[in-house]
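Okay, predicted coordinates and the sequence, questions at the end:
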Amino acid sequence: MEALGSAASAQVSAGISLGLQLFWGLLLLVLIVSVQGAGIVGATKLLRLEDRKLRAHRVDVKAFGILIAIALVLFALHLLEVVIFALFYMVVGAIDEFEPALFFSISAFTTLGHPDMHFPADWRIVGALEGLVGFLLIGWSTAVFVTDMSKLLRESPG
């Protein structure tokens with residue numbers, strides 16, 4: 001009977017852990033999506049990439065420079081996003097040092113898969129959610145980049 005009580009206690013504990021993982025995972029998701037959205041809007045305004053401006057550029061060195069700038073800003077956004085996750089893993093004690101936390105985070109975010117390292121089961125849902133977040137945000141960045149690139153490559157009006 002005592003074993004049954006221990007099993008029930010473990011289930012309640014796991015349920016709380018799952019609830020915490022989902023809470024923190026969703027909180028991180030909102031934070032990271034907000035960073036991505038603000039970064040894309042900020043980059044669009046900073047680089048003055050309104051529709052009419054993009055159509056006015058011909059495919060030349062300047063247009064190529066704009067594409068490189070867009071790509072670098074998007075890359076910097078993703079780097080910031082994986083650093084936020086890595087710092088989270090350190091704060092909650094899932095991973096003790098920055099380099100392994102960053103490696104784990106990049107591996108999860110890029111959906112490369114989780115490296116062969118000890119990662120606490122208490123936070124594995126957050127790690128999996130990071131993969132989903134990364135997948136969606138990389139897709140979002142790709143859409144922004146392709147849209148801006150196609151605008152640049154279109155012939156300028158009249």
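Sure thing, it's come through.

pretty sure Trp140 contacts Gly39?
No. Under the criterion of CB atoms under 8 Å, Trp140 makes no contact with Gly39, lying 10.5 Å away. Every C-beta, even on glycine, is put in place using the N, C-alpha and C of the backbone.

Counting neighbours, go ahead and name the busier of these two.
Gly39 (21 against 16; other CB atoms under 10 Å).

how near is the nearest residue to that one once chain neighbours are set aside to Ile138?
Once flanking residues are discounted, Gly39 sits nearest to Leu77: 4.1 Å by CB to CB, 6 or more residues apart in numbering. According to CB to CB, to the nearest Å, Leu77 stands 10 Å off from Ile138.

lowest-confidence helix or strand of the chain?
helix 51-56 (a mean of 57; mean pLDDT, DSSP states H and E).

which is the next helix or strand following that helix?
Counting by DSSP states H and E, the next helix or strand C-terminal to helix 51-56 is helix 61-91.

So which elements touch that next one?
helix 2-46, helix 98-109, helix 124-153 (3 or more CB pairs under 8 Å, 6 or more residues apart in numbering; DSSP states H and E).

so who does Gly39 touch?
Residues near Gly39 by CB atoms under 8 Å, 6 or more residues apart in numbering: 73-74, 76-77, 80.
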